[in-house]
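J.: model this:
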Amino acid sequence: MQIIKVKFINNGFATGRPYTYFSEDSVSIGDAVQINPQSRGIVTGVDVTEEEIKDYRDKVKVICGKIPAKKEPAPTEENGGNE
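T.: Below you'll find the predicted structure:
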């Protein structure tokens, strides 16, 4: 399980200080994640060490998962493509 740092998204921007979470999914810095059913965040740090969280490890929660990146549609004549 990966230990990560996440900032909450507020009004479309990652704000505040980073909070520590566990992730069952492999995530990278900049990935959007579902922290809990109501909240989303942006990953700001990965591969946090066990040593860094030893004093509060029992309070660290698991995120719901990674939010899939939106794929841009392939260009077509209808949406502005040249072909």
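J.: what does the top strand by length along the chain contact?
T.: When the chain is parsed with DSSP state E, its longest strand is strand 13-23. Under the criterion CB atoms under 8 Å, 6 or more residues apart in numbering, residues 1-10, 33, 35, 41-42, 44-45, 48, 52-53, 56, 60-63, 65-66 lie in contact with strand 13-23. Every residue, glycine included, has its C-beta placed from N, CA and C.
J.: would you mind measuring from Tyr19 to Lys70?
T.: 25 Å (CB to CB, to the nearest Å).
J.: what of Pro37?
T.: Taking CB to CB, one finds Pro37 at 20 Å from Lys70.
J.: so where do the strands sit in this structure?
T.: Under DSSP E, the chain gives strands at 2-10, 13-23, 32-34, 40-45, 61-62, 65-66.
J.: can you add mean pLDDT and give these back as JSON lines?
T.: Output for the strands of the chain, formatted as JSON lines (pLDDT from 0 to 100):
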{"stretch": "strand 2-10", "mean pLDDT": "96"}
{"stretch": "strand 13-23", "mean pLDDT": "95"}
{"stretch": "strand 32-34", "mean pLDDT": "96"}
{"stretch": "strand 40-45", "mean pLDDT": "96"}
{"stretch": "strand 61-62", "mean pLDDT": "97"}
{"stretch": "strand 65-66", "mean pLDDT": "95"}
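J.: tabulate those (JSON lines), appending mean neighbour count.
T.: Formatted as JSON lines, the strands of the chain follow (neighbours: other CB atoms under 10 Å):
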{"stretch": "strand 2-10", "mean neighbour count": "18"}
{"stretch": "strand 13-23", "mean neighbour count": "15"}
{"stretch": "strand 32-34", "mean neighbour count": "17"}
{"stretch": "strand 40-45", "mean neighbour count": "19"}
{"stretch": "strand 61-62", "mean neighbour count": "12"}
{"stretch": "strand 65-66", "mean neighbour count": "15"}
